[in-house]
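Asker: Kindly generate the corresponding structure for this input.
(one chain, ligands or ions: 1)
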Amino acid sequence: MTSLVALTRLIPSRAVRWRHDHPIGERSDRHIKLPTRGRERERSREPLRPSHSTVFTMGDLANDTQLTTLLSLLTTSVQTIEAELKAANLPPFTLEPKYHPLDSLDAVPTPRLHEARRVAMAASNMIKALVQDVGTAMMDMSTQSLDQAAYIMTADIQLIDVFHTEQEKTAGLHVNEIVARLPEGKKVDPQKLARCLRLLSTEHWWIEPSSEVFAPLRWALINTTGSSTWAWADPVSYGTLVGSVAFTEQMTDPAKIDDDTIDAAPFVRGFHRMGMTHIKNWWDWFMQEPDRLERFARSMEGSGYINLAAIKVDYPWESLAPNTTFVDVGSGQGSVSMHILKHVYDKVPTLKVVLQDRPQHIEQGRKFWAVELPAALADGRVSFEAHDFFTENPRKEPNTIYWFRFIMHDWTDDYAIKILKGIRASCHSTSKVLLGESVMLEALPSLPSDSGVAEFEASLKSIDNTAPYQPLKAPYPIPQNYGFATKTTAQYDILMYNLLNALERTMGNFEKIVAASGFKIDHVYATRGTASIIELVPI
Ligand SMILES: C[S@@+](CC[C@H](N)C(=O)[O-])C[C@H]1O[C@@H](n2cnc3c(N)ncnc32)[C@H](O)[C@@H]1O
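Answerer: Okay, the predicted model is just below:
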């Protein structure tokens, strides 16, 4: 995220400079109000001129290009972010190698900060798209799997563990020392490692404070060995690379175009091309490689960094009816239900959780809860049962919530309908289904007449941080789906295809599977994470 001041530092040529005719702190200068497209400029101090000069004034900014509109949106959103952090007594965002308090499974930004953050991410990435030349854009896109390979490698060799103290993390270590400290079996060539870290440093994961000395930045910490975020690199990121090599081949195979089974995922073809024809599909891989199953179950908590904290606070769990049974269907180790129960443990004392999954995952769940929330086992507030969700659900009592996170997106429509019908057959009239899933938005453009800088500012100001979260409309020229700020959902959509031949759904897609299963959508809760909570009631 780039402030105006930082942006000026990025201007490379000595000849190209901002001339601050007015103090930077003066709002009229800092904050350029742009006229709508084609209208006369309202605030420029000098007429626009064909510029042979390379000296720009702030007045020149008042030109209705997309770039300057985006800069204005960026300035507003960055200022809002900083003001919100200050108001909440939180430190500013930095790249230093320590987590920010908002980087937590228990923390959510205020609604205003969240909205400003989305615009800052979308605007800065759109500025990049406007200013970047096509040649470097081509190189960037065509080699992104190398960023991914370098990221997976740093997780695999347990790189972060060689930094023993905060001081070492901040100052960095020489690459020879880094390699000397790597465990046996994880040693690499120092120069190759340096080259990988230089690649990652272009995305601000690492930094090279002095020649061949490398230090992690904040994002690199997610690969701290054993953490739930580290567990994501293998299997999920690794599986993604495997599927990517056979992606086009699988998509264009006439025999596979209408095949909606999980076995038809590119990932399976990728493994077969590597000679591993014994792997039938994603879930089968884990049955054959139990270590990976354990890491996958753990990584589901890691994937919670995109939505778990928001799931906890953006749904009214405190208002659950007394004696509610919360059935976590396809729970994995039950990270989400554990966090929800912990969140309302005393406030909703009659709430009980049931984990349902396949036997191996349930065993993993028992171990996880014994460590993370042993009180729930002692108090009889959690139970574990093996259950195949393609069959009728054994839980039939009133006031049951059937909770699904990241389940519908694993399956194409016929399978998703079958899963929901298994619930419908058991569902009491007082019970509900909650789907914790991303809702895909189409990538439609916004129009200059929709919402501009001034409207965005006014909407940001009018947000009541204590009210339930409601997303704002994207300001022009940011696309209606918020572009880069919702890339994670678009990535998940293709990730689901790649690994499982499945998909993230639009609201229309959800309506279709819900109606076909004997439910209707009662309410959709937007959250400050990537998931919405879609509440279904039986009809
Ligand atoms: C993407 S994970 C989500 C886990 C959990 N809901 C979460 O959000 O952390 C999907 C889960 O579905 C489970 N699953 C797959 N097929 C199943 C089946 N037929 N019956 C029950 N669970 C199944 C997997 O074992 C896995 O734990």
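
Asker: Might you report the residue contacts of the most centrally placed residue in the chain?
Answerer: Ranked by distance to the mean C-alpha position of the chain (Cα atoms, centre = their mean), the top residue is Ile306 at 4.1 Å. Contacts for Ile306 (Cβ atoms under 8 Å, 6 or more residues apart in numbering) come out as Thr488, Gly529, Thr530, Ala531. Backbone N, C-alpha and C define where each C-beta goes, glycine included.

Asker: Report the spatially nearest residue to the last one, omitting neighbours in sequence.
Answerer: Going back to what we said before, that points to Ala531. Asn307 (4.1 Å; Cβ to Cβ, 6 or more residues apart in numbering).

Asker: And the first one, by the same measure?
Answerer: Ranked by Cβ to Cβ, 6+ apart and with sequence neighbours excluded, the top spatial neighbour of Thr488 is Thr530, at 5.3 Å.

Asker: ok, how many other residues are close to the one you found?
Answerer: 21 (other Cβ atoms under 10 Å).

Asker: Check Arg118 too.
Answerer: Neighbour tally, Arg118, other Cβ under 10 Å: 21.

Asker: now swap in His361 and tell me
Answerer: His361 has 24 nearby residues by other Cβ under 10 Å.

Asker: Just to check, it is in contact with Phe296?
Answerer: No. Using Cβ atoms under 8 Å, His361 makes no contact with Phe296, being 9.0 Å away.

Asker: got any residues that touch both of these two?
Answerer: Gly332.

Asker: hang on, the earlier thing: now the closest residue to the residue nearest to the centre of the chain other than its chain neighbours, what's its secondary structure?
Answerer: Leaving out its chain neighbours, the residue that sits closest to Ile306 by Cβ to Cβ, 6+ apart is Thr530, at 4.6 Å. For Thr530, the secondary structure call by DSSP: H, G, I helix; E, B strand; the rest coil comes out as coil.

Asker: Could you do Val354 as well?
Answerer: Applying three-state DSSP: Val354 is strand.

Asker: partner residues bridging it?
Answerer: Under the criterion DSSP bridges, Val354 forms beta bridges with Val327, Ser383.

Asker: can you count the residues close to it?
Answerer: Neighbours of Val354 using other Cβ under 10 Å come to 23.

Asker: Verify the stated contact: it with Thr324.
Answerer: No. The pair Val354 and Thr324 does not pass the contact test of Cβ under 8 Å, sitting 11.1 Å apart.

Asker: Show me where the stretch 51-200 of the chain has its strands.
Answerer: 55-57, 173-174 (DSSP state E, counting those that start in this stretch).

Asker: Just give me the lowest mean pLDDT stretch among those strands.
Answerer: If you rank those by mean pLDDT, strand 55-57 sits at the bottom with a mean of 42.

Asker: how about TSV for the contacts of Ile306, with pLDDT and distance to His343 added?
Answerer: Shown next, in TSV, are the contacts of Ile306 (pLDDT from 0 to 100; distance: Cβ to Cβ, whole Å):
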residue	pLDDT	distance to His343
Thr488	98	23
Gly529	97	14
Thr530	97	19
Ala531	97	16
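
Asker: nearest to Pro468, of those residues?
Answerer: Gly529 (14.3 Å; Cβ to Cβ).

Asker: To what extent is that closest one buried, counted in neighbours?
Answerer: Around Gly529 there are 24 residues (other Cβ under 10 Å).

Asker: Okay, domains of this protein per the record?
Answerer: As given by automatic domain parsing, the domain ranges for the chain are 4-130, 143-223, 230-293, 302-443+482-538.

Asker: hmm, the last one in reach of the ligand?
Answerer: Which is domain 302-443+482-538. Yes. Using Cβ under 6 Å from any ligand atom, domain 302-443+482-538 reaches the ligand at 330-332, 335-336, 357-358, 361, 388-390, 405-407, 410.

Asker: Any of those residues buried? List them.
Answerer: Among the residues of domain 302-443+482-538 next to the ligand, those buried by neighbour count (16 or more other Cβ atoms under 10 Å) are 330-332, 335-336, 357-358, 361, 389, 405-407, 410.

Asker: Now, those residues that are in strands?
Answerer: Among those, the residues falling in strands (DSSP state E) are Asp357, Arg405.

Asker: Tabulate the buried ones among the residues of domain 302-443+482-538 next to the ligand (JSON lines), appending pLDDT.
Answerer: Converted to JSON lines, these look like this (pLDDT from 0 to 100):
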{"residue": "Gly330", "pLDDT": "98"}
{"residue": "Ser331", "pLDDT": "97"}
{"residue": "Gly332", "pLDDT": "96"}
{"residue": "Ser335", "pLDDT": "95"}
{"residue": "Val336", "pLDDT": "96"}
{"residue": "Asp357", "pLDDT": "97"}
{"residue": "Arg358", "pLDDT": "95"}
{"residue": "His361", "pLDDT": "93"}
{"residue": "Phe389", "pLDDT": "98"}
{"residue": "Arg405", "pLDDT": "97"}
{"residue": "Phe406", "pLDDT": "96"}
{"residue": "Ile407", "pLDDT": "98"}
{"residue": "Asp410", "pLDDT": "98"}
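
Asker: In the stretch 151-300 of the chain, what residue comes closest to the ligand?
Answerer: Met300 (3.3 Å; Cβ to the nearest ligand atom).

Asker: Repeat that for the stretch 51-200 of the chain.
Answerer: For the stretch 51-200 of the chain, Cβ to the nearest ligand atom, closest residue to the ligand: Leu105, 12.1 Å.

Asker: what number of residues lie near Met287?
Answerer: 14.

Asker: so where's the chain shaky on pLDDT?
Answerer: 1-63 (pLDDT under 70).

Asker: swap the cut-off to 90 and go again
Answerer: Counting by pLDDT under 90, the chain contains low-confidence ranges at 1-64, 448-452.

Asker: Please state the backbone phi and psi of the residue nearest to Arg358 when sequence neighbours are not counted?
Answerer: Sequence neighbours aside, Ala386 is the residue nearest to Arg358 in space, at 6.5 Å (criterion: Cβ to Cβ, 6+ apart). Backbone torsions of Ala386, given as degrees, to the nearest 10, read phi -70, psi 130.

Asker: related to what we said a few turns ago, you'd agree the residue of the stretch 151-300 of the chain closest to the ligand is up against Gly330?
Answerer: No. Using Cβ under 8 Å, Met300 makes no contact with Gly330, being 10.2 Å away.

Asker: and which of the buried ones among the residues of domain 302-443+482-538 next to the ligand is nearest Ala122?
Answerer: Phe406 (24.5 Å).

Asker: The closest one: what's it in contact with?
Answerer: Met300, Ser303, Gly436, Glu437.

Asker: quick one: secondary structure of the first one?
Answerer: Right, Met300. helix.

Asker: What does the closest residue to it other than its chain neighbours show for phi and psi?
Answerer: Nearest residue to Met300 in three dimensions, chain neighbours excluded: Gly332, at 4.6 Å (Cβ to Cβ, 6+ apart). Here is the backbone geometry of Gly332 (degrees, to the nearest 10): phi 60, psi -140.

Asker: Verify the stated contact: Gly332 with Ser299.
Answerer: No. Using Cβ under 8 Å, Gly332 is not in contact with Ser299, being 9.2 Å away.

Asker: picking up where we left off before, which of the contacts of Phe406 lies closest to the ligand?
Answerer: For the contacts of Phe406, the nearest to the ligand is Met300 (3.3 Å; Cβ to the nearest ligand atom).
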